[in-house]
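Undergrad: missing the sequence, but the structure's below:
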């Protein structure tokens, strides 16, 4: 059967200006523009978002530290057909359950070269558990002018926060103090 | 503002308030049924937004009429009969397919952003402040529905045909939607709203290019009288019967 799923886009969120972009998950969408809207709806329901990036998953080259150890990148990579340099976004994961987090840009001729250069030039400490790189041109960022319409309204919606709901404590109270069934004499 | 105008303004605002409420309720019916999970989340949020907008207008109306803004919205939603509602018939119609839902949303969002642009300048501050708050969210709603209308209209032969069918069915209802609202002439005359129906014109310049870009044909509009906003389809009765069922069973219920 043909795959009826829409393409998947990885979503990166920046909470405050100056913070690193952090991987928060992925969305399906028919195209990048719709992916940006879906990302906003799925991942910005809680307040605290300054900007979003979305990237088609197939643009991402991922390597774990273990993979790099078992299959190290060669010291010198064969020259890619174009030989042209382009900018790559580099993300690293530093904790086992932690997210991929933006760490810098690298100019390289291929994703493999970007990985190799990132390890040498950015040389993050402690050594990361995993790497993601993707061409910067694959990234779609929300238009800064959309910030008001995209992210500000969430701040007016405290009903979206679990702290506003007391279902568990309310149920506990009801259970420990059951109401008298109708028609029954409470004495 | 002279006291008589408070009542006129309250009556005027009831129309967009009821449009938002009933549209929001229809939107909420998609919760759990939207085409993909991302859209399910998106559209449930839009439903909440629209109902929130209605609540904000009901609160504004309450302050104009000297009512309690804390209890007035619930009273307006749960204790009114269909003929007391002032929503346009277009929002009462059942959801139909996704093309129908997205096109209706787009036609309404286009009207909202146009009207709110004027209401943001309204000389009575509570209205201007509410309009400014709503305008931000409607910018996003409008973008969402516009992208969907464009993609379905330009998509496959089936999605295009469904969008055209939706346009054929919805277009006649825009006549009533775009009529001047109750008390609008009075507010225009008093200088509170701009003369010459610029909202209608603004709506057209927002909607028509999207329809044209989608290769959709604008249907002919039938002649004949346009129903007042107090006249409703049978669908509103069914909707209210369900929406008001719990408060009718247990009028003092809290949740």
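TA: Okay, I see it. Not measured: the values here are computed from a predicted model.
Undergrad: only C-alpha atoms for contact and neighbour calcs from this point on.
TA: Noted.
Undergrad: counting residues per helix, which one in chain A is longest?
TA: The longest helix of chain A (DSSP state H) is helix A:32-43.
Undergrad: from what I can see residue A:65 touches residue A:129, true?
TA: Yes: at 5.0 Å, residue A:65 counts as touching residue A:129 under the criterion of C-alpha atoms under 8 Å.
Undergrad: Closest residue of the stretch 51-200 of chain B to chain A?
TA: Per C-alpha to the nearest C-alpha, residue B:136 is where the stretch 51-200 of chain B lies closest to chain A, at 4.6 Å.
Undergrad: Regarding that residue, which helix or strand does it belong to?
TA: helix B:125-153 (DSSP states H and E).
Undergrad: Can you spell out which helices and strands pack onto the longest helix of chain A?
TA: Helices and strands touching helix A:32-43, by 3 or more C-alpha pairs under 8 Å, 6 or more residues apart in numbering or on different chains; DSSP states H and E, are strand A:8-14, strand A:22-28, strand A:51-56, strand A:140-141, helix B:37-65, helix B:125-153.
Undergrad: of those, which approaches residue B:196 most closely?
TA: helix B:125-153 (20.5 Å; C-alpha to C-alpha).
Undergrad: That closest one vs helix A:32-43, what angle?
TA: 130 degrees (axes from the mean of the first three to the mean of the last three C-alpha atoms, to 10 degrees).
Undergrad: by contact count, what packs against whatever helix or strand comes next after helix B:125-153?
TA: Later in the chain than helix B:125-153, the nearest helix or strand by DSSP H and E is helix B:157-170. Packing partners of helix B:157-170 (3+ C-alpha pairs under 8 Å, 6+ apart): helix B:98-119, helix B:125-153.
Undergrad: now the angle from the first one to helix B:125-153?
TA: Going back to what we said before, that points to helix B:98-119. Using the same axes, to 10 degrees: helix B:98-119 against helix B:125-153 is 150 degrees.
Undergrad: one step back: rounded mean pLDDT for the longest helix of chain A, please.
TA: Helix A:32-43 shows an average pLDDT of 92 in the prediction.
Undergrad: Likewise for stretch A:178-185?
TA: Computed over stretch A:178-185, the average pLDDT equals 66.
Undergrad: Then stretch B:109-123?
TA: Model confidence over stretch B:109-123, given as mean pLDDT, is 96.
Undergrad: One more: stretch B:211-222?
TA: Stretch B:211-222 shows a mean pLDDT of 95.
Undergrad: same question, stretch A:96-113
TA: Averaging pLDDT along stretch A:96-113 yields 92.
Undergrad: and for it, what are the contacting residues?
TA: For stretch A:96-113, contacts defined as C-alpha atoms under 8 Å, 6 or more residues apart in numbering or on different chains pick out A:20-24, A:61, A:73, A:77, A:79-80, A:82-94, A:114, A:117-118, A:122, A:129-135.
Undergrad: Now do it: distance from first to last residue.
TA: One end of stretch A:96-113 sits 25 Å from the other (C-alpha to C-alpha, to the nearest Å).
Undergrad: buried sites along that stretch?
TA: Using 16 or more other C-alpha atoms under 10 Å in any protein chain shown as the test for burial, stretch A:96-113 gives A:99-103, A:105-113.
Undergrad: Pull the most distant pair out of the residues you listed.
TA: Across the buried residues of stretch A:96-113 (C-alpha to C-alpha), the longest gap, 26.3 Å, separates A:99 and A:109.
Undergrad: if I look at the closest residue in space to residue A:59 that isn't next to it in sequence, how far off is residue A:113?
TA: Closest residue to residue A:59 apart from its sequence neighbours, by C-alpha to C-alpha, 6 or more residues apart in numbering or on different chains: residue A:134 at 5.7 Å. Residue A:134 sits 11 Å away from residue A:113, going by C-alpha to C-alpha.
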